[in-house]
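>>> pasting the structure only:
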């Protein structure tokens, strides 16, 4: 098991530290691990993601599920936060997504436009803001520029910045693909070097090696790959995404490997709410059982 990142190691100002401490130690299992429920798929993928469970198309249903499931936070876009989060404000932390795009434009020119501000997040009572950063696209210059402004505002308001670090574009496609070990590892490092407080990545696939640099063109186990991704994030807290829905055992194994590597936690959306209510809660309980085995309690132990 690798070492996990302590909040005291991040050089955080008091606002960011207070908010992250609240998320990690006053919600969820309250042991320093995290389980987040993302709900930005309506914008990112369209309503088709709700076909499997029509109830999930109702943001109020998702907010209740986050509360019932004991999540550390819910990640939503500003329109849903303004219309639905108020009923649960203070009961489950809010990560306000500041940018987002539809999946209609091709990934080659991927840029996720900013449509909300850190000031909006403060007004809405959020405990963190989220930004989607596309690593490897020709739009990197514009992406980095708008990200810099978000990062500066987050620092000014003492708001933790969670970066969705997503490899995209034809160059990434030619080097193993967006969820290859190479691409995910590079994305984690990029987010860390650009000042993210928390980085969200997909689980790496070391078997996807076509066109990858020589260092990645060798045999790695899944555990070795996720270990390396956590190392690349260094003192940036790391969350592993559930991604597209798979079999439960495969998803739980992904969760176990991630926590064994030293990840801070998990961010599972469609794998949770693309199923019935009771089945969702049963699956959440199994995820919480895994997180309970990897407590991050050092920040409290020295008090």
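Right, received. Where do you want to start? Predicted model only: the values in this text are computed from it and were never measured.
>>> what number of residues lie near residue 70?
Residues contacting residue 70 under the criterion other CB atoms under 10 Å number 16. Placement of C-beta: from N, CA and C, glycine included.
>>> now residue 148
Residues near residue 148, counting by other CB under 10 Å, number 12.
>>> what about it, which SS state?
For residue 148, the assignment made with DSSP: H, G, I helix; E, B strand; the rest coil gives helix.
>>> how near is it to residue 218?
36 Å (CB to CB, to the nearest Å).
>>> same check, this time on residue 290
Look at residue 290 and residue 218: by CB to CB, they are 29 Å apart.
>>> One more: residue 88?
The value you get for residue 88 to residue 218, if CB to CB is used, is 47 Å.
>>> what are the ranges of the helices in the stretch 101-250 of the chain?
Using DSSP state H, counting those that start in this stretch, the helices of the stretch 101-250 of the chain run over 118-124, 140-157, 170-173, 181-193, 222-233, 248-261.
>>> Minimum distance to residue 97: which of these has it?
helix 118-124 (9.5 Å; CB to CB).
>>> Counting neighbours, which bits of that closest one end up buried?
For helix 118-124, the neighbour count (16 or more other CB atoms under 10 Å) marks 118, 120, 121, 122, 124 as buried.
>>> which residues does the nearest residue to the third one once chain neighbours are set aside bridge with?
Closest residue in space to residue 121, ignoring its immediate chain neighbours: residue 96 at 4.2 Å, by CB to CB, 6 or more residues apart in numbering. Partner residues in beta bridges with residue 96, using DSSP bridges, are residue 76, residue 129.
>>> residues contacting residue 96?
75-78, 81, 116, 120-121, 124, 126, 128-130 (CB atoms under 8 Å, 6 or more residues apart in numbering).
>>> if we go to 10 Å?
74-78, 80-82, 85, 116-118, 120-130, 159, 162 (CB atoms under 10 Å, 6 or more residues apart in numbering).
>>> From the residues you listed, keep the buried residues only.
Among those, those classed as buried by 16+ other CB under 10 Å are 74-78, 80-81, 85, 116-118, 120-122, 124, 126-130, 159, 162.
>>> quick one: the strand or helix carrying residue 282 to helix 248-261, angle?
According to DSSP states H and E, residue 282 maps onto helix 277-292. When axes from the mean of the first three to the mean of the last three CA atoms, to 10 degrees is applied, the directions of helix 277-292 and helix 248-261 differ by 30 degrees.
>>> in helix 277-292, what's buried?
Along helix 277-292, these residues count as buried under the neighbour rule (16+ other CB under 10 Å): 280, 283, 284, 287, 288, 290, 291.
>>> Okay, now the unreliable bits of the stretch 201-303 of the chain?
Scanning the stretch 201-303 of the chain for pLDDT under 70 picks out 298-303.
>>> Go again with 80.
Applying pLDDT under 80 to the stretch 201-303 of the chain flags residues 243-246, 297-303.
>>> beta partners of the most centrally placed residue in the chain?
Central residue of the chain (CA atoms, centre = their mean): residue 200, 3.4 Å from the mean position. With DSSP bridges as the criterion, residue 200 is bridged to residue 164, residue 239.
>>> Let me see the contact set for it.
Per CB under 10 Å, 6+ apart, neighbours of residue 200: 36, 38, 75, 95, 130, 132-133, 162-166, 187-188, 191, 237-241, 265-267.
>>> Equivalent analysis for residue 221, please.
Counting by CB under 10 Å, 6+ apart, residue 221 touches 206, 207, 227, 257.
>>> Neighbour-wise, which one of these leads?
Counting by other CB under 10 Å, top hit in the contacts of residue 221: residue 206 with 23 neighbours.
>>> Pull the contacting residues for that one.
For residue 206, the contact set (CB under 10 Å, 6+ apart) comprises 176, 180-182, 184-185, 212, 216, 218-226, 228.
>>> and if we set it to 8 Å?
With contacts defined as CB under 8 Å, 6+ apart, residue 206 is in contact with 180, 181, 216, 219, 220, 221, 222, 224, 225.
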